[in-house]
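*Asks:* pasting a predicted model and its sequence here:
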Amino acid sequence: MDVGPSVQDTLALVYRLQTIDSELAHITQELEASRDALRKKEESLEGLVSLMETEKIELLRLARDRRDREDELRTNEHIISENKKKNKELKHSREIQAFLAEMEFRRDEVERLQDEILRIMETQETLDKALKDREKEIAEKRDELETSRTTAREEAAARMDRVRNLEEEKVRLSDQFPDALFQQYSRLQKSHRNGLVVSRIQNGTCEVCRMTLPPRTLTEVKKRQKIVPCLHCQRWLFLEEIPTGG
Ligand SMILES: [Zn+2]
């Protein structure tokens with residue numbers, strides 16, 4: 001493609017354009033990464049809050065269970081004390097046997113219920129402590145999240161400023177070279193890996209594919225009459241340092 005004698009000057013502009021595009025892509029990635037990190041923190045906090053809700057419900061259930069057993073315990077203790085009063089009135093051995101069986105059953109019940117209440121109280125204590133730790137953890141995470149949000153907002157604002165500046169420079173640059181070239185650049189940018197269209201020549205090698213360029217190619221580039229692509233990766237070769245004077 002012949003773009004006139006200032007082909008390397010134009011390529012320098014295209015190279016700058018490519019650098020801008022790379023930086024824009026990088027900034028977009030940074031913005032996304034920052035949003036992702038913030039979302040992860042929010043999700044982690046939501047997870048903790050829902051865990052805390054579950055623990056609160058479990059504590060309510062335990063309190064209810066304990067109340068029920070305490071009621072049952074009182075009932076049994078009441079029956080035992082009432083039965084003791086009736087004991088003296090019993091005469092027949094069958095009545096006495098039934099009384100003894102009933103008393104044994106009630107005493108077992110009292111023992112069982114006391115054990116259960118104790119177990120529930122222990123569980124309540126453990127869970128209560130876990131809940132207090134959880135509340136503390138949530139408060140800390142909330143503070144952390146608020147700080148992260150502020151930082152992310154500030155960083156995003158700075159990044160958006162940079163994006164605006166780069167976009168403005170991009171418009172100025174693309175105005176400086178032919179439309180056809182700009183269109184070709186845009187097309188190649190989509191088809192080439194990494195979006196790289198232009199490659200700098202460094203010490204006789206192509207910057208993108210790292211292959212040593214044949215002397216003939218270098219001579220062609222130095223003539224500065226047309227765009228010379230790299231034989232290996234097809235990027236437009238650009239010699240950054242243009243000899244001046246001479
Ligand atoms: Zn190459």
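*Replies:* Thanks, I have the structure now. Numbers count the residues shown, from 1 in each chain.
*Asks:* wait, Arg200 touches Trp236, no?
*Replies:* No. Applying CB atoms under 8 Å, one finds Arg200 not in contact with Trp236, separated by 10.1 Å. Quick note: C-beta positions are derived from backbone N, CA and C, even for glycine.
*Asks:* more neighbours: the two, which one.
*Replies:* Between Arg200 and Trp236, counted using other CB atoms under 10 Å, Trp236 has the larger neighbour count: 24 against 17.
*Asks:* you'd agree that one is up against Val198?
*Replies:* Yes. Here Trp236 reaches Val198: they are 4.8 Å apart, a contact under CB under 8 Å.
*Asks:* what do those two both touch?
*Replies:* Residues touching both Trp236 and Val198 (CB atoms under 8 Å, 6 or more residues apart in numbering): Leu11, Val14.
*Asks:* from Asn87, how far off is the spatially most central residue of the chain?
*Replies:* Centre of the chain computed as the mean C-alpha position; nearest residue by CA atoms, centre = their mean is Lys40, 3.1 Å away. To Asn87, Lys40 is 70 Å away according to CB to CB, to the nearest Å.
*Asks:* what are the ranges of the helices in this structure?
*Replies:* With helices called from DSSP state H, the chain shows them at 7-87, 93-175, 179-191, 215-223.
*Asks:* surely Lys41 touches Thr147?
*Replies:* No. Using CB under 8 Å, Lys41 is not in contact with Thr147; the gap is 10.2 Å.
*Asks:* more neighbours: these two, which one.
*Replies:* For Lys41 versus Thr147, the count of surrounding residues by other CB under 10 Å is larger for Lys41: 16 against 10.
*Asks:* check the nearest residue to that one once chain neighbours are set aside and give its pLDDT.
*Replies:* Counting by CB to CB, 6 or more residues apart in numbering, Leu145 is the residue found nearest to Lys41 once chain neighbours are left out, at 5.2 Å. In this model, Leu145 is scored at 97, pLDDT.
*Asks:* tell me how many other residues crowd Leu145.
*Replies:* Neighbour count for Leu145, taken as other CB under 10 Å: 15.
*Asks:* quick check: longest strand of the protein.
*Replies:* Ordering each strand of the chain by length in residues (DSSP state E) puts strand 198-202 first.
*Asks:* restricting to C-alpha, output it in CSV.
*Replies:* Taking Å, rounded to 0.1, in the frame of the first residue of the first chain, the C-alpha atoms of strand 198-202 are listed here in CSV:
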residue,chain,number,x,y,z
VAL,A,198,2.2,-2.2,13.8
SER,A,199,5.5,-3.7,15.0
ARG,A,200,8.6,-1.8,15.9
ILE,A,201,11.9,-3.0,14.5
GLN,A,202,14.4,-3.4,17.3
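*Asks:* tell me which other helices or strands it touches.
*Replies:* helix 7-87, strand 236-238 (3 or more CB pairs under 8 Å, 6 or more residues apart in numbering; DSSP states H and E).
*Asks:* let me know which of these is tucked in deepest.
*Replies:* strand 236-238 (a mean of 24; mean count of other CB atoms under 10 Å).
*Asks:* and the contacts of that one?
*Replies:* 8, 11-12, 14-15, 197-201, 206, 213, 217, 221, 227-230.
*Asks:* contacts with the ion among the residues you listed, please.
*Replies:* Residues of the contacts of strand 236-238 in contact with the ion (CB under 5 Å from the ion): Cys206, Cys230.
*Asks:* wait, what's in contact with the closest residue to Glu102 other than its chain neighbours?
*Replies:* Residue nearest to Glu102 in three dimensions, not counting chain neighbours: Asn83, with 6.6 Å by CB to CB, 6+ apart. For Asn83, the contact set (CB under 8 Å, 6+ apart) comprises Phe99, Glu102, Met103, Arg106.
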